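**Student:** the sequence isn't on hand, but the structure is:
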């Protein structure tokens, strides 16, 4: 149970930070988002592995470092944390949330958005597998910084194209906050899960001695 609660808490603060910074109009939101992911991973990594992302959970499960039973519970906890965070952010930034809800849907180019989500979710899961599950980097002190830095880089790079979720739980939270459209959420879900699976396949191919 401790693992699942840790996943809920970490995902809650990740999505809360996203909501507060985006609704608040902070141009440096990716810095805050990468930073909170980093500290939550350092805080909870020793308990749950610090996934806070269903696509990462899928990649780690495919890699053999998470059981299918834990994976299901992790994903449920992550989505629950994201949902609670979305409503909390909407309460804290009520006026901004109302304006977002009333605004016309922004342009969304499905092809580029799909590629953006897939590529940077691949990068995120690839980094997680190499810095947090590899025998060659066991007990390192930089894993949280590497993972948070990947999300920050992705958000700066393609946030304006796809919304920069790279995380199905974040996509659910963002849709609840009105930051992405429900009709487009399939792009995030499909691309993110495919990106996680691709990262696992790449890890197993390139790190055969470490893939067991």
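**Tutor:** Thanks, I have it. Note that this is a predicted model, so its numbers are computed, not measured.
**Student:** who does the helix or strand of the chain with the lowest mean pLDDT touch, helix- and strand-wise?
**Tutor:** Taking mean pLDDT, DSSP states H and E as the measure, the chain has helix 94-102 as its least confident helix or strand, at a mean of 85. Packed against helix 94-102 by the contact rule (3 or more CB pairs under 8 Å, 6 or more residues apart in numbering; DSSP states H and E) you find helix 2-23. Just so you know, the C-beta spots here come from the backbone N, C-alpha and C atoms, and that holds for glycine as well.
**Student:** please point out which parts of the helix it packs on sit buried.
**Tutor:** Counting neighbours by 16 or more other CB atoms under 10 Å, one finds that the buried residues in helix 2-23 are 3-4, 6-23.
**Student:** likewise for stretch 108-120?
**Tutor:** By neighbour count, and taking 16+ other CB under 10 Å as the criterion, the buried residues in stretch 108-120 are 113, 114, 115, 116, 117, 118, 119, 120.
**Student:** check contacts around the third one.
**Tutor:** Just to be clear, that refers to residue 115. Remark: with contacts taken as CB atoms under 8 Å, 6 or more residues apart in numbering, residue 115 is in contact with residue 191.
**Student:** poorly predicted segments of the protein, please.
**Tutor:** Low-confidence segments of the chain (pLDDT under 70): 104-107, 211-212.
**Student:** show me the longest helix that occurs in it.
**Tutor:** Taking residue count as the measure and DSSP state H as the definition, the longest helix of the chain comes out as helix 68-92.
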